[in-house]
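Undergrad: turn this into a model:
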Amino acid sequence: TNAQYSPLQQVESLQGNVKNFESHLFTKDSTIGIILGARGSGKSAIGMKLLENFKKKTQKNIYAMGFRNEDLPSWISVVSDIKEIQNDSVILIDEGGITFSSRKSMSNANQLLSQLLFIARHKNLSILFITQNSSNLEVNVLRQADFLILKPSSLLQKDFERKIISDIYSKVGKGFLDHQNIQGLTYIHSDKFQGFISNELPSFWNTKVSKAFK
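TA: Below you'll find the predicted structure:
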């Protein structure tokens, strides 16, 4: 199937405009985004929708890591090693889908992200990193993110988030409640836009995509 573009729909702006965020995303050589939220909150769906929009709006190569090849369209290349990623690319990584060989999955997630961050600017890579909990990530890694994409979080999970993330969830908690009936509700935290949006599902979506390794 060919990629189809559908813009992020602005629900409520606290600062800026979601159109500015999107155009910044597609025109900048390298951006780093972290996607957070509870299990089943739609993290894979918005990640894949952004990949689809990247495919339609840019010339970047499209990669995914932590997903199964057979669940995805042919224009997404599934890789298991960051060495396979070409210059001028965007990659969506699902931390939960990567089978780290060692039990120290926390340090491995950080090692992987640190390596990617190190090469991102040199290779014009844009990175979307899905994690279920920010406590798995070093503060230094979070600081290097250009934007955060927050899906609804679970009550228990919020207690374990890094302070920088739990502070944002506290600030926008009322908004998540006010707009809870909106499908695909998401909070974006960036220089270009802070506010709530909704995203459509990717055109190729099926539940297998999000359950790849879980």
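Undergrad: the top helix by length along the chain packs against which elements?
TA: The helix spanning the most residues in the chain, taking DSSP state H as the definition, is helix 105-123. With contacts taken as 3 or more CB pairs under 8 Å, 6 or more residues apart in numbering; DSSP states H and E, helix 105-123 sits against strand 89-94, strand 125-131, helix 139-143. C-beta: built from backbone N, CA, C; applies to glycine.
Undergrad: what is the shortest one packed up against?
TA: By that I understand helix 139-143. Short answer (3+ CB pairs under 8 Å, 6+ apart): helix 139-143 packs on helix 105-123, helix 163-178.
Undergrad: ok, which of the ones you listed comes nearest residue 43?
TA: Closest to residue 43 of these is helix 163-178 (CB to CB; 13.8 Å).
Undergrad: ok now the longest helix of the chain, how far from the chain's centre?
TA: Put simply, helix 105-123 sits 15 Å off its chain's centre (CA atoms, centre = their mean, to the nearest Å).
Undergrad: same thing with stretch 114-125?
TA: 16 Å.
Undergrad: which phi and psi values does residue 79 adopt?
TA: phi -120, psi 160 (degrees, to the nearest 10).
Undergrad: what about it, neighbour count?
TA: 18 (other CB atoms under 10 Å).
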